[in-house]
Each structure stands twice: as structure tokens, then as C-alpha cells.
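Chemist: Mind folding the following:
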Amino acid sequence: MNREDNQLCELVPSRKTSKTSGNGVISPVPSCQQIADEIARMQYGVETSFKSRLQQYFIENQKSSLRIRLFNVFIKLLSCVLYCVRVVNDEREFPKKFPYTNVTEVDENITIYDYLIWVDFDKATWLIQTFVATVSMAETILIFYLSYSGSVVRLLINIHFLLELVTSFPFILSIFIPKLQNLFVPVFLNCWLAKGALQAMMNDLNRSSFISSSAMFRQLLLLFSVLVCLIFTGMCSIEHLQRARGKRIDLFKSFYFVMVTFSTVGYGDWYPDYWMSQLCVVILICVALGLIPKQLEELGQTWSERQKSGTDFSGWNGVESHVVVTITLLEVEFIRDFLEEFYAHPENQRMQVVLLSPVELDNQTRMLLKIPVWNHRVNYVRGSSLRDEDLERAKVATAKACFILSARHVNRKVATDEHTILRSWAIKDFAPHVKQYVQIFRAETKMHIEHAEVLICEDEFKYALLANNCICPGISTFITLLMHTSRGEEGQKSTEPWHKVYGFHSGNEMYHIKVIDSKFFGDFVGKSFSYTSFHAHKAYGIGLIAVSPDGDTTKMKLNPGLSHTIQPTDVLYYMGLTNEESLFDFRKDLQHQQRRANVASSIANIGSVAIDMPNREKNDMTTRKKNKKKKSKAADEINLIEIGDVIQSSRRPSIAMVTEGTVETSSDSDQEEYCDKCRGHCIQHRLQRTYPQVRTYIGTSNTVCHMMKEKRPLCCLRLDEKCAHKSATSAHEYQWRNRPIILAADRTSSGMYNLVIPLRAYYRPVHDLHPIILLLELGDQDSLNEAFLDAIAYFPDIYWMQGKIGNLDCLLRAGVSSAEHVVVVKETAVIAEEHTADCSTIITVQKIHRMFPRLRMITELTHATNMRFVQFNPNNAYSLAQSRFEKKERKRGSHMPFMFRLPFAQGGVFSANMMDRLLYQAIIKPFVVDLVRLLLGIDQQSGGGYLTSFVITEDDLWIKTYGRLYQKLCSSVADIPIGIFRTKKMDAKTVSLDLQEQCKDFDVTELDRNKDMYDHVKNRMRVLGIKDSHTLLEGSDEKAFISYVIINPAPDLVLEARDIVYVIRSPIRKDATNKRINPRRGLRRCKNVTETMDSVQVPTIVIDENNL
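Modeler: Residues are numbered from 1 along each chain as shown. Next up is the predicted model:
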């Protein structure tokens, strides 16, 4: 016996010793457990009497109590049915046959009151009614005995007990007094007792269910039961009161009168004809006026609360499946973007969306969900993802997927990510098999949500996209449009030629298909990837860019070049105006698609003249004739090329056919040419290509970069301070070989690591690496985190300085006057209205733009609608005219009406909504996130290519068309072009004539308006000792140009000078030389190639410009 048992036994010392009974039998000593049980019964009042056991069975036990109440409802309803049976069989033969009939008017006015007291009762009905009354009375007395603990007087005045006495006790009394067997008993009042029992039964049911889910049903049931009781009581009472009159009515006519009266119709074809029935009607109306408004008020309050808290998703609408969207704050645009993108795919048309949010629906969101397109598809449930009850209400366990999203205009993104982590864990705990699609802000959060099927980190994608915009201008717009669901109908009703070209090609999307199931690629089994890509583009107008060998998505590769041969089990990823599965009539639909692409190319080639073509058939015939002439000229061209110091022929050189032979790939190595670009010791000898030694967060991918062999001292990272290793304190004193890239931010973020990675990737030419300057405000901090400094200290030419983003002196010290790009990022949002979250970023960009109008700036906004304020100029008529086009596109139902805004079209701004759309598409296109990560350089795959760009110069125009460029790159270096960033003058080929007239004198007025600001900037530059530069000040010729992207152009699109071509290069080795990395390498003219014309292989000679 332990110490606790000893103490317990000491509490009852009298029971510790045994006792001897009178007959000499010794009673057993109670154990300590028995003593503990007795003490517990004494302490907590646990009773074991017969009454307590009955209470346990009749009242406290949920199942038995529910059964008893259900039996009680049945008994009351049975008594009401028996009453109706008795009334139907009543012939008014007791106490004697009724002496009058309804023949004359005199008979109708006769009243015999004895027939109100005595009624006809056959023996069988009386027996059943008496038995039911006895059972009901016994049950009522027992229940009141068990549940009531007050005085007897209060029991006798209880309304339910009194009704039971009135409706049941006379039948029991008639057993002993036979004369009372024909006494009238108002049994129909049992309907009110049935209503009370039903209400109590509903309360028992709610013990194990959710109050919010059953309150509405209970109120409706209560209102319905009150109405039924009023109607039944009025029907039976009026019928019985008219029994004493000569003008008697049956139950149906009485029911008809009550319904007409309560509905306030009042036909007047029948009415009570003496004072008792008339008084009964008055009492009924008064009772109804007292009960029904109260029930309606409670029902309205419950309905209002239900609208605020949302409904429970039943899943009984006949739909195949549903998805759950959990979000902390409901934003109208956020919800609209999700619904538009989600339901843009035919596969999602039959799916339901359940919005689970802890906040109440506002009026705008409620009106959005009432739109007929989404009214029956979207369900709102108010609740928390951390409560299993709310997850059950949203049917998360049976959902096809769960999207875990967060509002973007929040100020504390770290705290928001912490909430996202808990929501993800709660859903994983509740429904482990449900796929999760999670959106987070900070990169360091990734380590906690590795279980999610798809994870989008805003910092990773945002900074990687900003970095790639510095390498490939406009690539943010390119990827935004490519990953956006569209039909290419945007801009087709516009009067601007560039709108038509830009809008049509925005209809290209990413698709995937297995080779064995494809008509596009089924004939290319056994061919190289480059060969397949070129011929698929030539034949079908699609751009093949990536492959997953044997369908393994973890080994997805961008343009593996000649190193990969197409296999039947491969999964290919391509750009196209539509996917192969959507072409019902393959040949006919494909021809229609190609005709549309040719029209867009014609507009791009010859401008607005193409818009007014009167007869397309004639133009098609003319085009065919020209093509035949071109083929004949190309065949003659082979014999006209001369070899020598000077080429006399004006005909264009031929381009090698894309064959299966080995071409000169970029993975071949040759000796590094002599470096004449570096001043002093070449930087190549101080670098190595390897993985970063230090990283800013857990979860980064293994990416090979240009890294310093020796870590740079942390003091050398500070741009504006001298140290023992350098004396420069301003960007212009460093004399860099390339113009710097400035990142202006208010605070540091671990995601900035992803801005450095693409700019320092191993496949970037080492002599083309731009210095990176971090201009940080830092708030109350005096210096950067040492962990962040350790991470960037291994990268070459990265510096930081503290200063205000909008301060002119800080910008000049950072080198803004000679910068290649300026990236503006605001990490903290303003706590205000959601649409004003971008105000600080917009004003900062506007200030820098006014001071340096020709500076190429890139920024990211939270809301796409705020793009119209970036680089806003109220005096630019053409820029303001885009607002009119945007409104028209919005009325036509476009999901991207902002795409024609000039800052977005030229790649100067993008919205974080693009990253959200990647997440929304992932349920249909599970490859899309991995593909974008490869394109942006966040991830690298061994044996895969990479994204870069080059500029078409005047010397490259001999290639003529995009199709010939595709052929040239595939045949020479196995590179694949994917699009063009076109910059055109605002002339008749680009702008409509009416707007062209408005823009003629814009440059002159703009220069005069900003002259004072230019003088101020020049003065500050002189004070700081910075050499005056005219490259970013004054004479802004960029105002006379328009830039836009063309995704996957048609083969006959004519190339123009200043075109920037986006290229996915074939893979290179980590030790490849700068000459091999040069993206323009594929444009040089090769020697001794062969070209096939009209299926005949003819040897040709092509001149190498380097040997001229």
C-alpha cells in the first residue's frame, strides 16, 4: 500500500477495522478503492436511487431521451388523427338525432348547444383513444415527476400539464363513469403538445451537431409547426362549434375557411354564422398575430446571421467534386481573379468552390458571388481553418484540392506566413490525403510547408522575375501573358495595329502532352529535340520548349538540344494558341488558327494598311504567288553566291536545314580568347563556377553560379564607405566595365538571394556581369544582417549602401545616372485601404522617373489596377488614350484589360497576381510552377537549357523572318527562340492616325516642362563630382517609341532592327568559355552547310562574315 492509499484510509478510520456481526460472521474490511468511490459519491453527489436511474434514462441519456420524445410526438399525432376519424364518422345522432336539416333558411339559424357537449363515439374509436390517452397521461406524469423539483402548485399551473389533463384525463375518467364516454374532449389541442415535444427533440439532436448549421432549420421547423397548429386548431374548433347549428360544415370546408382567412384573401362564400364560431375566429386571429410575427422576427435574425456566417457546404448539388479556398481576408479583386482563372478551364466547369474565411462577407463580395455565372458554383462558409468543426462544414476531407491563400496588402507578412503554416498543418492533420496549393510571402517559410503539393513563394518568384527583366527586357510581361488563360481576342477590336498583334499573340499558353498520344509530335519519335521543335513550329505554329524524359516531371529540362531524342513515353511542353485536345476537327481547326496567325503577322509587317484589307482572298492568292516566287529565287540563290573578298550579289545567304547530324554545340570547348575588356587583372581568374557556399534561407535550389574563389571582406561590400581595400565612396568612382543594376528597397529580405542567382548564373558571360547595388533604407537598423552579408560576399561585384530611395543624392551615389536598370521594391505595405497598398511604390517610381525619364525601371505592384499610375503623365495624350481601350476590353469580358497600359506592355511593371494565377492553374497544369522556376533560373536541371536574349541589329536583318531565325538557331547551335520584345516608332504602322497627330509635339512640351528638374539634377551631379551624362537626361527619344512582346510569333513575321529575341539556349558545360556562352553565337554565318529545297538536298556555300 503506497503513501496515497495510507492517507486515503486515514480519512475513514472507523472502517479500517473489521466488525463482527451478531451471528459471529466477520464482515470484510472495505478496500481503499471502495473508500475512494464512496468519498467521490459524497463529494460530487452521485446518486444511485431509482429516481436518479430513471432520470438518467429518460432525460440525461441522449439516445434514450430522443427515443422517448419521438414516441411522445407519435402519441400526440396519433390522438389528433383519431379525433379526425371520429369527426368524419360523426352523424349527430347523440344524445338524439339532430331534428333539423339545411333545407330552409329557418333551419340554418337554429342552435342546439347540447351537440357541443356530447358527440358520437363508436366503441372501437373510444377504446383506442382511451388507450392512447392513458399512455400519454402516464408518460407526462412520469416526465414531470423526474424533471420537476419545485412545488406542486407550480406544477399544476404549467401549461403543458394543464393541456395534458384537458385532453387525456376525461378518457381515463370515462372508464369508471360510462356515461362520460360520449363527452366531447378537445383532443385536437394535442397538436400543441406535439409541437413542444418536437422542439425538445430538436434540442436533443443539437447536442451532437453544430448550432450554426441547425439554427436555421430549427427556426423554419418551429415556424412551420406553429402555422400547422394554428390551422389545425382553427379547423377543428370551427367545425365543432358549427355542429350545434343547422348549417353544419365538414372538416375540409372548415380547413378551406381557415386558409382563406389567414391568407387575407377572404372570398366570403362561407363565414361563421353565430357568435361562438365568430368569437373563435377572432381568438385565432389574435393568437396568430401574437405568435407568427415573433417567429418571423427570430427567423429573420437567424437568416441574417446565417448570411454573415455562410452556409454549410452540402455537396448534394450533383457535382463531381469541389475545392476549398481558405483565405484570411476577403478581397473582391482577389476572389474575382481566382474565379475567372479557375473557371477559365473547361475541366473545372463542373466543380464547386467553397470559400472558407473567418471574416464576414462585405457587400461587394456578396454582390460578386450573386453573379449568375458563380451563384450556384461558389459557396461561402465563415469559419477558421484551425477548427475541425469548420473544416467539416466545408467538407475539406472530400475536397479535390485545398488552396491556402493570403491577402497581399497586409503589412506584417511574416505573421501572415505563420498563420499560413498553422492553416496548412491543420488541414494536413484533418485530411492528410487532400492536395494543398499554398501561397506564402517569405522564402524562409518554405521549410515548414514541404508537404504541400504546390508551393508558391512570392519572394522567390518576384525577385527572380525582376532579375530576369534586367537580362531579358519585358520578360515579366511575356511570362505573365503566357501563364494567363486567354483566347487571344484582346485588342482585336482596337484601332491600334500594335494592339492587334500584341493581343492576338497573348492567347498563347503552355500545354503538355505525351508523345504517344500526340498528333503534333507523334511523327518525331527518334528525332532530336531541336529538330522536333523547329518542324513543329513550321508545321503547326507551336513552340516546343521543354521535355520530361519518360514522363518524370522531376527531370524536366528546358531545350536539351541534340542531347535528347524524342521517345514515345516523353512528356513535351509547348506554347500554342490552343492545346491539341481542343482541336475537334484537327486539320480544319489548325488551318483556321494558322490563318489568324498570318493576319496578325501581316499587321505586324505592314502596319495599319493590313487592317483595311478589303478582300482577304485576293491577298491570300497574292501571298501564295509571292511564296512560289521566293521558292524559285531561293533555288536559284544556291548557284549565285560568290566567294571572295567582296560579295556582289544582293541575295540573302542560305540557312542550313535542321537535320539529325551533329552541329557545333555550345558544350564544345575551345581556348579562351585574350581578355581585353577588364582593366588590369581579368576577373575570370578570380571566379569559379560552383554552388553558393552560404545561402540566406533553407530550401534554396542547387544552382551553379559565378562565385569568388575567396570571400570578399565585408567592409568592401559597403559602397559609400572607404576601407583598407578600397577608397571609392560613390558608384562613379569604381569605373566598372558594365553599367550597374540598382535594387532600391526599404528593407532586406531573404528572397533577394533570388535576384542575385539569375544575374550570377554560370551561363551568363563573365564579362557581361553587371554590378549589383542594394540601396536600402533599413529603417532603424544601422547595418545589414551579417548572415545576409556573408551570403552575398561570395558573389562578385555586389555592393550595398544605406539611404532613402527617393533621395536624389543617394540615388546619384548609387550610380543611377549610369545605371542599366533600377528595380524598386517595397517590402512593407501601408496599413490603409487595400488599393492604396501600392501608393508608396508608385510615388517613388514616379519621382525617379521624373528626374531620369530615360532610365529603365522595373517594379512590382500588389494590385493590377494600379498599373495605370506607374510613370503617369497627364500631358501624354497617347498614354491617357489607353484608358479608353482598357474600359472597352473590360466590357468585352477580358481578364487582362490592363495589358495595353504602356508600362506593363514594355515590361516596366508587373503584378503579383501573376504568381497567384500560377497556383490556380496548377490543379489543371501541374507542371506550370516547375516550368516557370526553370525559366526564371530559380532551379537548374542538369542537361537542360536556360533563358537569355539578344538584340537583332542591322547586320542580322539578312535572316529576314522569324521562321528563318528559328531555323538558323536550331541548325547552328540548337537554340530555340520563344518570342520577341519589339520596340517600334509611333508611326502609321504602329499607331492610328488620329492619336499620331496628338503625339507630334509631345516631346517638345515635355522637355520644357521638366527643364527646371533637369537643371536641379545636373547641379547635384556637379556638387557630387559626377560626370554629366546625357544618356538618361533630356531629349527623351524613348517617348516616341512603343515596346511590347510577341509570344511565339508566326514563321513569316519579319524581323526588325532593335528586336530583342528571347531564346532558350541549349545546355552548356560548367567550364564553357565566354565565346560559347555568347547568346549571339548562333547568328554567325556558317561554312559548308547543306540546305534542302523542295525535298531535294542541294549543296550550298555560305559565307562566314569573320573571314571577309
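
Chemist: hey, let's count contacts and neighbours off CA atoms from now on
Modeler: Will do.

Chemist: Tally up the residues packed near residue 343, please.
Modeler: Using other Cα atoms under 10 Å, residue 343 has 20 neighbouring residues.

Chemist: From residue 376, how far out is it?
Modeler: Distance, residue 343 to residue 376, by Cα to Cα, to the nearest Å: 13 Å.

Chemist: Ok, residue 735 next?
Modeler: The value you get for residue 735 to residue 376, if Cα to Cα is used, is 64 Å.

Chemist: same check, this time on residue 513
Modeler: 32 Å.

Chemist: So between these two, which is more surrounded?
Modeler: Neighbour count, other Cα under 10 Å: between residue 513 and residue 376, residue 513 has more, with 20 against 13.

Chemist: so that one, which of the three states?
Modeler: Three-state call for residue 513 (DSSP: H, G, I helix; E, B strand; the rest coil): strand.

Chemist: who's it bridged to?
Modeler: Bridge pairing for residue 513 (DSSP bridges) gives the partners residue 572.

Chemist: Am I right that it is in contact with residue 569?
Modeler: No. Applying Cα atoms under 8 Å as the test, residue 513 and residue 569 come out as separate, 10.0 Å apart.

Chemist: So what does residue 1061 have for phi and psi?
Modeler: For residue 1061, the backbone dihedrals (degrees, to the nearest 10) come out as phi -100, psi 130.

Chemist: Ignoring the adjacent residues along the chain, who's closest to it?
Modeler: Closest residue in space to residue 1061, ignoring its immediate chain neighbours: residue 980 at 4.6 Å, by Cα to Cα, 6 or more residues apart in numbering.

Chemist: outside of the helix or strand containing that neighbour, which residues touch it?
Modeler: Assigned by DSSP states H and E, residue 980 belongs to strand 976-985. Outside strand 976-985, the residues that touch it by Cα atoms under 8 Å, 6 or more residues apart in numbering are 473-474, 530, 533-534, 543, 545, 559, 966, 969-970, 990, 1040-1049, 1058-1066.

Chemist: 6 Å instead?
Modeler: Defining contact as Cα atoms under 6 Å, 6 or more residues apart in numbering, one finds that strand 976-985 is touched by 1040-1048, 1059-1064.

Chemist: now stretch 421-440
Modeler: The contact list for stretch 421-440 (Cα under 6 Å, 6+ apart) reads 385-386, 397, 401-405, 417, 452-457.

Chemist: same thing but 7 Å
Modeler: 385-386, 388, 396-397, 399-406, 417, 448-449, 452-458, 919 (Cα atoms under 7 Å, 6 or more residues apart in numbering).

Chemist: what about stretch 956-964, how long is it end to end?
Modeler: 11 Å.

Chemist: Residue 455 looks like it's in a helix, true?
Modeler: No. Counting by three-state DSSP, one finds residue 455 to be strand, located in no helix.

Chemist: Just give the closest residue to it, not the sequence neighbours.
Modeler: Spatial nearest neighbour of residue 455, chain neighbours left out: residue 438 (5.0 Å); criterion: Cα to Cα, 6+ apart.

Chemist: Ramachandran angles for that neighbour?
Modeler: When read as degrees, to the nearest 10, the backbone of residue 438 gives phi -110, psi 140.

Chemist: Could you measure from it over to residue 771?
Modeler: For residue 438, the distance to residue 771 equals 34 Å [Cα to Cα].

Chemist: Check residue 190 too.
Modeler: 91 Å.

Chemist: Looking only at neighbour counts, state which of these two leads.
Modeler: Shown here are residue 190 and residue 771; by other Cα under 10 Å, residue 190 has more neighbours (25 against 21).

Chemist: show me what contacts that one?
Modeler: Contact analysis of residue 190 by Cα under 7 Å, 6+ apart lists 76, 80, 167.

Chemist: again with residue 467
Modeler: Residue 467 touches 755, 758, 759, counting by Cα under 7 Å, 6+ apart.

Chemist: can you do 10 Å?
Modeler: 461, 473, 475-476, 741, 743, 752, 754-760, 821, 823, 858, 936-937 (Cα atoms under 10 Å, 6 or more residues apart in numbering).

Chemist: Which of the contacts of strand 976-985 fall in strands?
Modeler: Applying DSSP state E to the contacts of strand 976-985, the entries found in strands are 1041, 1042, 1043, 1044, 1045, 1046, 1047, 1060, 1061, 1062, 1063, 1064.

Chemist: nearest residue to the fifth one other than its sequence neighbours?
Modeler: Translated: residue 1045. Looking at residue 1045 with Cα to Cα, 6+ apart, the closest residue is residue 981, at 4.4 Å.

Chemist: Same question for the last one.
Modeler: With sequence-adjacent residues excluded and distances taken as Cα to Cα, 6+ apart, residue 1064 is closest to residue 947, at 4.5 Å.

Chemist: number of nearby residues for that neighbour?
Modeler: The number of residues packed around residue 947, counting by other Cα under 10 Å, is 25.

Chemist: Kindly list the longest helix within this protein.
Modeler: Longest among the helix segments of the chain by residue count, using DSSP state H, is helix 275-309.

Chemist: for that helix, packing partners?
Modeler: helix 211-241, helix 251-262, strand 378-382 (3 or more Cα pairs under 10 Å, 6 or more residues apart in numbering; DSSP states H and E).

Chemist: Following element in sequence after it, please.
Modeler: Assignment by DSSP H and E places the next element after helix 275-309 at strand 322-327.

Chemist: Counting by contacts, list what that following strand packs against.
Modeler: Under the contact criterion of 3+ Cα pairs under 10 Å, 6+ apart, strand 322-327 touches helix 332-342, strand 352-357, strand 378-382, strand 401-405, helix 413-430, strand 435-440.

Chemist: strands paired with that strand, and their directions?
Modeler: Sheet pairing of strand 322-327 (DSSP bridges) gives strand 352-357 (parallel), strand 401-405 (parallel).

Chemist: Of all the ones you listed, which one is nearest residue 179?
Modeler: Evaluated over the strands paired with strand 322-327, closeness to residue 179 peaks at strand 352-357, with 67.1 Å, by Cα to Cα.

Chemist: From the chain's centroid, how far away is that closest one?
Modeler: Counting by Cα atoms, centre = their mean, to the nearest Å, strand 352-357 is centred 11 Å from the centre of its parent chain.

Chemist: Report the rounded mean pLDDT for that strand.
Modeler: What strand 352-357 shows for mean pLDDT is 91.
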